[in-house]
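Asker: Next input, structure requested:
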Amino acid sequence: MNTALLTLILLVVSNVFMTFAWYGHLKLSSAGISTNWPLYVVILVSWGIALLEYCCQVPANRIGFEGNGGPFSLMQLKVIQEVITLVVFIVFSLLLFDGFTLKWNHIAACVLLILAVWLVFLD
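Answerer: Modelled structure (predicted):
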(Lines give C-alpha, C1' and ligand atoms only; values in the text may rest on other atoms or scores of the structure.)
Protein backbone atom coordinates (compact mmCIF):
# COMPACT_ATOMS: atom_id res chain seq x y z
CA MET A 1 0.00 0.00 0.00
CA ASN A 2 1.15 3.53 -0.74
CA THR A 3 2.69 5.17 2.39
CA ALA A 4 0.74 8.43 1.87
CA LEU A 5 -2.56 6.52 1.72
CA LEU A 6 -1.64 4.33 4.69
CA THR A 7 -0.71 7.45 6.67
CA LEU A 8 -4.04 9.09 5.86
CA ILE A 9 -6.04 5.97 6.75
CA LEU A 10 -4.24 5.63 10.09
CA LEU A 11 -4.83 9.33 10.81
CA VAL A 12 -8.55 8.97 10.11
CA VAL A 13 -8.85 5.86 12.32
CA SER A 14 -6.88 7.52 15.12
CA ASN A 15 -9.10 10.58 14.96
CA VAL A 16 -12.25 8.47 15.17
CA PHE A 17 -10.91 6.95 18.40
CA MET A 18 -9.79 10.38 19.65
CA THR A 19 -13.21 11.91 19.02
CA PHE A 20 -14.92 9.07 20.90
CA ALA A 21 -12.41 9.40 23.75
CA TRP A 22 -12.91 13.16 24.04
CA TYR A 23 -16.63 13.52 23.29
CA GLY A 24 -18.21 10.06 23.46
CA HIS A 25 -18.77 10.34 27.20
CA LEU A 26 -20.98 13.37 26.55
CA LYS A 27 -23.25 11.24 24.38
CA LEU A 28 -23.22 8.42 26.93
CA SER A 29 -24.19 10.90 29.63
CA SER A 30 -26.99 12.48 27.60
CA ALA A 31 -28.31 8.97 26.84
CA GLY A 32 -28.36 8.23 30.58
CA ILE A 33 -25.74 5.49 30.32
CA SER A 34 -22.87 7.14 32.21
CA THR A 35 -24.77 9.77 34.16
CA ASN A 36 -23.85 8.27 37.53
CA TRP A 37 -20.31 7.24 36.65
CA PRO A 38 -17.68 8.96 38.78
CA LEU A 39 -15.37 11.26 36.85
CA TYR A 40 -12.38 8.96 37.38
CA VAL A 41 -14.25 6.12 35.59
CA VAL A 42 -15.06 8.40 32.65
CA ILE A 43 -11.38 9.41 32.52
CA LEU A 44 -10.17 5.79 32.64
CA VAL A 45 -12.59 4.74 29.87
CA SER A 46 -11.46 7.73 27.80
CA TRP A 47 -7.81 6.82 28.38
CA GLY A 48 -8.52 3.28 27.20
CA ILE A 49 -10.04 4.60 23.99
CA ALA A 50 -7.19 7.10 23.62
CA LEU A 51 -4.72 4.22 23.81
CA LEU A 52 -6.29 2.86 20.62
CA GLU A 53 -5.93 6.34 19.11
CA TYR A 54 -2.21 6.38 19.90
CA CYS A 55 -1.82 2.89 18.41
CA CYS A 56 -2.81 4.44 15.06
CA GLN A 57 -1.54 8.03 15.45
CA VAL A 58 2.07 7.18 16.32
CA PRO A 59 2.52 4.74 13.41
CA ALA A 60 0.82 7.22 11.05
CA ASN A 61 3.31 9.93 11.97
CA ARG A 62 6.25 7.51 11.88
CA ILE A 63 5.29 6.06 8.47
CA GLY A 64 4.29 9.40 6.96
CA PHE A 65 7.22 11.54 8.14
CA GLU A 66 9.74 12.37 5.43
CA GLY A 67 12.59 11.86 7.92
CA ASN A 68 11.60 8.18 8.02
CA GLY A 69 11.15 7.89 4.26
CA GLY A 70 7.52 9.01 4.20
CA PRO A 71 6.01 11.61 1.90
CA PHE A 72 5.11 14.35 4.43
CA SER A 73 7.00 17.03 6.31
CA LEU A 74 6.32 17.52 10.00
CA MET A 75 4.17 20.60 9.30
CA GLN A 76 2.24 18.81 6.56
CA LEU A 77 1.45 15.92 8.91
CA LYS A 78 0.16 18.30 11.57
CA VAL A 79 -2.06 20.34 9.26
CA ILE A 80 -3.46 17.22 7.59
CA GLN A 81 -4.21 15.79 11.03
CA GLU A 82 -6.06 18.96 12.07
CA VAL A 83 -8.29 18.87 8.99
CA ILE A 84 -9.03 15.19 9.52
CA THR A 85 -9.85 15.94 13.17
CA LEU A 86 -12.34 18.62 12.17
CA VAL A 87 -14.02 16.46 9.52
CA VAL A 88 -14.32 13.48 11.89
CA PHE A 89 -15.67 15.76 14.64
CA ILE A 90 -18.31 17.25 12.32
CA VAL A 91 -19.50 13.82 11.14
CA PHE A 92 -19.51 12.53 14.74
CA SER A 93 -21.48 15.55 15.95
CA LEU A 94 -24.02 15.43 13.13
CA LEU A 95 -24.65 11.72 13.66
CA LEU A 96 -24.73 11.57 17.46
CA PHE A 97 -25.84 14.96 18.76
CA ASP A 98 -29.36 16.02 17.81
CA GLY A 99 -28.84 19.68 18.70
CA PHE A 100 -25.70 20.09 16.58
CA THR A 101 -26.12 22.09 13.41
CA LEU A 102 -23.47 23.04 10.92
CA LYS A 103 -23.47 26.82 10.49
CA TRP A 104 -21.92 29.08 7.88
CA ASN A 105 -19.00 30.01 10.15
CA HIS A 106 -18.21 26.32 10.71
CA ILE A 107 -18.08 25.80 6.95
CA ALA A 108 -15.93 28.92 6.56
CA ALA A 109 -13.53 27.55 9.18
CA CYS A 110 -13.33 24.26 7.26
CA VAL A 111 -12.57 26.10 4.04
CA LEU A 112 -9.80 28.03 5.80
CA LEU A 113 -8.30 24.80 7.15
CA ILE A 114 -8.37 23.27 3.69
CA LEU A 115 -6.63 26.42 2.48
CA ALA A 116 -4.05 25.82 5.24
CA VAL A 117 -3.40 22.33 3.84
CA TRP A 118 -2.88 23.80 0.37
CA LEU A 119 -0.54 26.47 1.76
CA VAL A 120 1.55 24.02 3.75
CA PHE A 121 2.20 21.98 0.60
CA LEU A 122 3.60 24.98 -1.31
CA ASP A 123 7.38 25.18 -1.69
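
Asker: so what's the backbone phi/psi at the residue lying farthest from the centre of the chain?
Answerer: Largest separation from the mean C-alpha position in the chain: N36, at 27.5 Å (C-alpha atoms, centre = their mean). For N36, the backbone dihedrals are phi -100, psi 10 (criterion: degrees, to the nearest 10).

Asker: how much space between I80 and V58?
Answerer: 15 Å (C-beta to C-beta, to the nearest Å). To be clear about C-beta, it is placed using only N, CA and C from the backbone, and glycine gets the same treatment.

Asker: Between those two, point out the one with more neighbours.
Answerer: I80 (21 against 12; other C-beta atoms under 10 Å).

Asker: So for whichever strand or helix holds that one, what gets flagged as buried?
Answerer: Using DSSP states H and E, I80 falls within helix 74-96. The neighbour-count criterion (16 or more other C-beta atoms under 10 Å) identifies 76-77, 79-81, 83-86, 88-90, 92-93, 96 as the buried residues of helix 74-96.

Asker: What mean pLDDT does that helix get?
Answerer: For helix 74-96, mean pLDDT rounds to 92.

Asker: quick one: buried residues of whatever helix or strand comes next after that helix?
Answerer: For helix 74-96, the following helix or strand on the C-terminal side (DSSP H and E) is helix 104-120. Buried residues in helix 104-120, counted by 16+ other C-beta under 10 Å: 113, 116.

Asker: who's in contact with helix 104-120?
Answerer: Contacts of helix 104-120 with the rest of the structure, by C-beta atoms under 8 Å, 6 or more residues apart in numbering, involve 73, 75-76, 79-80, 82-83, 86-87, 90.

Asker: Turn those residues into a markdown table, columns for distance to V13.
Answerer: Shown next, in a markdown table, are the contacts of helix 104-120 (distance: C-beta to C-beta, whole Å):
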| residue | distance to V13 |
| --- | --- |
| S73 | 22 |
| M75 | 22 |
| Q76 | 19 |
| V79 | 18 |
| I80 | 14 |
| E82 | 16 |
| V83 | 15 |
| L86 | 16 |
| V87 | 13 |
| I90 | 17 |
